[in-house]
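Asks: Sequence first, then the predicted structure:
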Amino acid sequence: MAPIMANDVLVNFEYGFFVIAATTVFLMQAGFAFFEAGSVRPKNTNSILSKNLLGVFIGCVAYWAVGFALAFGSGNGFIGTRHFFLSVITDEQTVIFLIQCAYAITAATVVSGAMAERTGLVVHLFFSFFCTAWLQPVVAHWSWAKEGWLNAGINIDLHHKNVTIRYKDFAGSSVVHVVGGVAAFMGAAIVGPRKGRFDSNGNKVEIAKPTTTMSTLGGFILIYGFLALNLSSYRSLSQPGDGAILANIAINCILGGSGGSFTALIYERIQARKQPYVLNLSTALNGCFTGMVAIGAGADSMRPYGGFVVGCVAGFVYMILVRLVERLQVDDAIGAVAVHFGGGVWGVIAVTFLDTKQGLFYAGNRVSMILIGWNLCGLVVIILWTAFFSSLVFGILYYLKFLRVPPEVEKRGLDFSMHQRDSTYVLDRNWRKTFSSSTFSSLPPSSLALQPDTRQTCNGSLATLVGPQTAMTLIIANRDQCPEANTVLAEADADSRSSPVMTGDGCGDDPISAV
């Protein structure tokens with residue numbers, strides 16, 4: 001048995017660390033799922049969760065078969081041409097595959113949230129395959145592969161010394177997030193807004209109130225995933241100073257997110273003026289995400305104060321872009337365009353000023369000026385590349401009338417068409433009585449008022465409960481007409497602002513009430 005060399009131990013330790021980091025980046029998909037499910041109406045919850053889950057599966061297959069070869073296979077300045085299906089790869093490339101696969105899937109997942117509640121599962125899976133097999137890998141090759149034209153950079157002579165100026169995007173502010181943000185904008189613009197999202201004057205109408213518990217839980221998971229994404233982009237762990245650099249990356253990421261959240265909330269408070277201000281958790285979360293997206297471009301080369309400044313500006317960028325997208329009447333269901341496109345663009349610009357080696361505020365020489373130009377050049381090309389191919393795909397699907405679900409499906413909810421279940425909540429499967437509308441006529445004033453409904457369904461008679469911000473329909477089971485006569489369901493009205501869970505059997509001392 002050959003002796004184990006110390007260098008082998010260090011290499012294996014590094015590989016193990018990055019494998020763990022890569023699997024943690026995959027956890028971001030759980031965060032996206034929670035956050036997006038909490039941002040849509042209950043009648044579309046199963047739909048958005050299915051897109052997030054199956055998008056991961058098809059993205060992994062696409063990146064394994066094609067994406068990795070195009071991104072990191074040896075080839076030319078434009079594209080890689082080897083290692084399809086991970087054939088003939090090194091140990092290091094195996095680790096890189098895990099990390100980069102998670103990055104590519106993240107770019108595709110951004111699109112599902114922006115186009116939520118009016119596109120079907122097949123459309124999302126098709127675009128996920130396209131994004132992870134072609135759209136994002138080519139950009140990754142340009143920016144991160146040895147032969148990539150952006151990474152190869154420009155060589156200049158500075159004081160009789162050859163200096164190479166490369167495209168700076170450490171953790172994917174443009175390679176991942178700008179790609180996802182541009183594709184999300186094109187998709188949302190082509191598919192059109194949800195029914196009722198804008199009034200006749202083009203003003204935004206709130207049609208879905210976020211489920212803050214679910215979206216906040218998703219936000220915490222995404223924050224953890226952002227830390228892993230940034231840390232996994234630094235691929236050295238055994239050299240002197242690596243530990244300090246990793247710590248600096250994590251600090252910048254946290255400070256960037258904090259600054260983004262603070263300034264987004266401050267901006268929103270200023271906009272409220274003298275009106276009563278209510279803390280908006282969605283604004284706090286999206287401001288944080290935008291800051292973390294922005295800091296990705298230079299997390300390894302900025303000082304902590306730089307990370308905080310980048311995050312603070314990112315919060316304002318988010319708020320401005322959210323309103324601009326709304327002015328354009330593009331319906332972005334979760335604010336993905338402002339978070340990923342806005343944060344990504346600002347991050348790629350900010351690193352050219354705050355990079356401690358070549359940034360304008362530190363070096364202040366010809367190299368800094370060329371770096372600004374080179375990053376802007378790369379950014380513009382990435383935006384044009386993504387806009388062209390994503391609009392081409394979504395445009396073809398729109399022309400074939402395949403991009404958007406039929407109006408009746410959108411109105412009822414995608415959960416029913418995809419999963420054969422309505423946006424209903426079972427109140428109590430063990431009820432032992434059959435009720436009619438008159439049963440609830442004696443509800444106390446503090447309870448939700450009942451309005452009888454003359455409509456009839458296979459499940460029996462209907463009655464509508466009307467509250468301050470919601471209208472809910474009770475389907476009152478009829479033993480003679482419905483096999484599940486002991487089940488009473490509460491269904492959120494299509495225009496409701498929230499969906500409280502209803503409890504109680506409406507009889508005697510147990511009236512129906514909202515929890």
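Replies: Everything's here; your move.
Asks: Downstream of the longest helix seen in the chain, the next helix or strand is which one?
Replies: Identified as the longest helix of the chain according to DSSP state H is helix 366-399. Tracing the chain C-terminally past helix 366-399 and defining elements by DSSP states H and E, one meets helix 407-412 next.
Asks: In CSV, list the C-alpha atoms belonging to that next one.
Replies: Extracted C-alpha coordinates of helix 407-412, given in CSV (Å, rounded to 0.1, in the frame of the first residue of the first chain):
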residue,chain,number,x,y,z
PRO,A,407,-58.1,31.7,-18.6
GLU,A,408,-60.4,29.3,-16.8
VAL,A,409,-57.4,27.3,-15.5
GLU,A,410,-55.8,30.5,-14.3
LYS,A,411,-59.0,31.6,-12.6
ARG,A,412,-59.6,28.3,-10.8
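Asks: And it, how far out from the chain middle?
Replies: The chain centroid and the centroid of helix 407-412 are separated by 24 Å under Cα atoms, centre = their mean, to the nearest Å.
Asks: in the protein, which spans are strands?
Replies: Counting by DSSP state E, the segments of the chain that form strands are 154-157, 162-165, 424-428, 449-457, 460-466, 471-475, 488-492, 502-503, 513-514.
Asks: what stretches of the stretch 101-250 of the chain score poorly on pLDDT?
Replies: Applying pLDDT under 70 to the stretch 101-250 of the chain flags the ranges 208.
Asks: How about the most centrally placed residue in the chain, nearest residue that isn't a chain neighbour?
Replies: The residue lying closest to the centre of the chain (Cα atoms, centre = their mean) is Val110, at 4.0 Å. Among residues not flanking Val110 along the chain, Gly180 sits closest, at 3.2 Å (Cβ to Cβ, 6 or more residues apart in numbering). Backbone N, C-alpha and C define where each C-beta goes, glycine included.
Asks: Run through the residues that contact that neighbour.
Replies: With contact taken as Cβ atoms under 8 Å, 6 or more residues apart in numbering, Gly180 is in contact with 106-111, 336, 340-341.
Asks: Please apply the same query to Ala33.
Replies: 48-49, 52-53, 218.
Asks: Among the contacts of Gly180, which one lies nearest to Gly80?
Replies: Nearest to Gly80 among these, counting by Cβ to Cβ, is Ala107 at 17.4 Å.
Asks: Surely the residue nearest to the centre of the chain and Ala336 touch.
Replies: Yes: in this structure, Val110 is within contact of Ala336 by Cβ atoms under 8 Å, at 5.0 Å.
Asks: Mutual contacts of these two, please.
Replies: Both Val110 and Ala336 are in contact with 180-181, 184, where contact means Cβ under 8 Å, 6+ apart.
Asks: Mind checking which of those are in helices?
Replies: 180-181, 184.
Asks: Gly120: which of those is nearest?
Replies: Among those, Ala184 lies closest to Gly120 (Cβ to Cβ), at 16.8 Å.
Asks: From what I see, Gly344 and Met292 are in contact.
Replies: No: here Gly344 does not reach Met292: they are 10.9 Å apart, not a contact under Cβ under 8 Å.
Asks: who has more neighbours, those two?
Replies: Taking other Cβ atoms under 10 Å, Gly344 and Met292 do not tie; Met292 has more neighbours (37 against 31).
Asks: by contact count, what packs against the longest helix of the chain?
Replies: For helix 366-399, the elements it packs on are helix 121-130, helix 136-144, helix 149-152, strand 154-157, strand 162-165, helix 179-191, helix 343-354, judged by 3 or more Cβ pairs under 8 Å, 6 or more residues apart in numbering; DSSP states H and E.
Asks: could I get those as CSV with distance to Gly67?
Replies: Output for those, formatted as CSV (distance: least, Cβ to Cβ, whole Å):
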stretch, distance to Gly67
helix 121-130, 9
helix 136-144, 4
helix 149-152, 18
strand 154-157, 28
strand 162-165, 27
helix 179-191, 12
helix 343-354, 20
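Asks: Looking at the ones you listed, spot the one closest to Ser87.
Replies: Closest of these to Ser87 is helix 136-144, at 16.0 Å (criterion: Cβ to Cβ).
Asks: Could you name the helices and strands sitting against that closest one?
Replies: Here helix 136-144 touches helix 68-72, helix 91-114, helix 149-152, helix 366-399, going by 3+ Cβ pairs under 8 Å, 6+ apart.
Asks: just those: most buried one?
Replies: Highest mean neighbour count of the helices and strands packed on helix 136-144: helix 68-72, a mean of 27 (counted as mean count of other Cβ atoms under 10 Å).
Asks: for that helix, packing partners?
Replies: So helix 68-72, by 3+ Cβ pairs under 8 Å, 6+ apart, packs with helix 91-114, helix 136-144.
Asks: so the shortest one versus helix 121-130, what angle?
Replies: Think helix 136-144. Inter-element angle recorded for helix 136-144 and helix 121-130: 30 degrees (by axes from the mean of the first three to the mean of the last three Cα atoms, to 10 degrees).
Asks: Outside of helix 136-144 itself, list whatever touches it.
Replies: Helix 136-144 is contacted by residues 63, 66-68, 70-72, 75, 77-80, 100, 103-104, 107-108, 147-151, 167, 169, 174-176, 179, 378, 381-382, 385-386 when judged by Cβ under 8 Å, 6+ apart.
Asks: Contact partners for the spatially closest residue to Gly120 that is not a sequence neighbour?
Replies: Nearest residue to Gly120, sequence neighbours excluded (Cβ to Cβ, 6+ apart): Val405, at 5.3 Å. By Cβ under 8 Å, 6+ apart, the contact set of Val405 is 118-120, 414, 417.
Asks: Tell me which of the contacts of Ala33 fall in helices.
Replies: Those of these lying in helices (DSSP H): 48-49, 52-53, 218.
Asks: rewinding a little: list buried residues within the contacts of Ala33.
Replies: Neighbour counting by 16 or more other Cβ atoms under 10 Å classes 48-49, 52, 218 among the contacts of Ala33 as buried.
Asks: any chance of the contacts of Val405 in a markdown table, plus distance to Val191 and neighbour count?
Replies: Compiled in a markdown table, the contacts of Val405 are given as follows (distance: Cβ to Cβ, whole Å; neighbours: other Cβ atoms under 10 Å):
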| residue | distance to Val191 | neighbour count |
| --- | --- | --- |
| Arg118 | 6 | 23 |
| Thr119 | 6 | 26 |
| Gly120 | 11 | 19 |
| Leu414 | 13 | 27 |
| Ser417 | 16 | 16 |
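Asks: can you tell me which of those are in helices?
Replies: If you go by DSSP H, these have 414, 417 in helices.
Asks: from the contacts of Val405, which is closest to Val11?
Replies: Closest approach between those and Val11, by Cβ to Cβ: Thr119, at 44.7 Å.
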